[in-house]
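Engineer: what would the 3D arrangement of this be:
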Amino acid sequence: MQMSRLAPLFLATALLAAAGCATYKFGSAVPEELRTIAVPVFENASGYPEIDAVVTQYVLREFQREGTFKIRSLDNASLKLLGKLVKTETQSLNYDRNYGSRTSEYRYTLVAEITLVERGTGKLLIDAMPVKANTTFLTHGDMLTGMQDAYPRIAKELARAITDAVLAQW
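Structural biologist: Numbering: from 1, shown residues only. Okay, here's the model as predicted:
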């Protein structure tokens, strides 16, 4: 008996919820004509070799994973993403007291500047926007090897931040 009194209330609530979702649209806000992108190899002003190629590779992977943009050559893309790795920092986090307080763990920060250009018009959609990523690495006595082992992790984080920054333009 009690359920029959509540049935109209439940039905009205369900109809209102369905009506609210009726205007929801799945998909991207990026205009269809701007959904192709070219990503040339990032310029490397960081002072560390090979990180430019690793970051570029991860940016391409992240755009493919996210799915809004199709990767195209520079001649066939509607957008061009230019990247420059501008700054690398390391900060000591942990010390090994058994070895004269030598640093055993570092925080690694990589900063890139990205520029997004609409190829057809030359319009700058993003102009030298800084994007930053962080990770940590252990040295085990060899800082350079520890840092190189961290390249994929920091490149993946930076790629996610770059993809988010590009998508945020729409």
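
Engineer: helices along this structure, start to end?
Structural biologist: 2-21, 51-66, 143-167 (DSSP state H).

Engineer: and residue 30, which of those helices is closest to it?
Structural biologist: With CB to CB, the closest approach to residue 30 among the helices of the chain belongs to helix 143-167: 7.2 Å. From N, CA and C alone the C-beta is placed, and that goes for glycine too.

Engineer: the closest one packs against which elements?
Structural biologist: Under the contact criterion of 3 or more CB pairs under 8 Å, 6 or more residues apart in numbering; DSSP states H and E, helix 143-167 touches helix 51-66, strand 79-96, strand 102-118, strand 124-138.

Engineer: circling back: nearest to residue 129, of the helices of the chain?
Structural biologist: Nearest to residue 129, of the helices of the chain and by CB to CB, is helix 143-167 at 6.1 Å.

Engineer: what sits up against that closest one?
Structural biologist: Among residues not part of helix 143-167, those counted as contacts by CB atoms under 8 Å, 6 or more residues apart in numbering are 28, 30, 37, 48, 50-51, 54-55, 57-59, 61-63, 66, 68-69, 81, 83, 90, 103, 106, 108, 110, 112, 114, 116, 126, 129, 131-140.

Engineer: drop anything exposed from those.
Structural biologist: In these, burial by neighbour count holds for 30, 37, 51, 54-55, 57-59, 62-63, 68-69, 81, 83, 90, 103, 106, 108, 110, 112, 114, 116, 126, 129, 131, 133, 135-139, counting by 16 or more other CB atoms under 10 Å.
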